[in-house]
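> only geometry, no sequence info:
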């Protein structure tokens, strides 16, 4: 099992930036893909971005050009740099990991989850 802990959420004005971190512990060698999902009140959990073991990255259209996912060399911590934030980015952001190589956008395909961190963007 892999334990994931997110940090870095907060309140920011529209146009501002935040960086989220997701630190893994436990059986990290079994993690092949890591992703960020978000869930706003009353909405389904949606895929934001993901990175696979080879370092390939994937983004949902609404964040392309604004968000960047990256990973440290030890593959222990995954970062989400969020720039040009918009009020519609407001949500609880979750880090998730799965033990198959591809990054997929379906949250049910991820086996390990963090507790979530709140991001609030004010207009």
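Done, it's in. Quick caveat: nothing in here was measured; it's all calculated off a predicted structure.
> how close does the residue most central in space within the chain sit to residue 14?
Nearest to the mean C-alpha position of the chain, by CA atoms, centre = their mean, lies residue 36 at 2.1 Å. Separation of residue 36 from residue 14 (CB to CB, to the nearest Å): 20 Å. C-betas here are computed from N, CA, C, even on glycine.
> go on, residue 62?
15 Å.
> try residue 52
In terms of CB to CB, residue 52 sits 31 Å off from residue 14.
> Mind checking which of these two has more residues around it?
More crowded of residue 52 and residue 14, by other CB atoms under 10 Å: residue 52, with 19 against 13.
> count of neighbours near the residue nearest to that one when sequence neighbours are not counted?
In space, and not counting its chain neighbours, residue 52 is closest to residue 33: 4.6 Å by CB to CB, 6 or more residues apart in numbering. For residue 33, the neighbour count with other CB under 10 Å is 22.
> Repeat that for residue 68.
Residues near residue 68, counting by other CB under 10 Å: 16.
> what do you get for the one 3 residues further on?
The burial metric for residue 71, expressed as a neighbour count using other CB under 10 Å, is 17.
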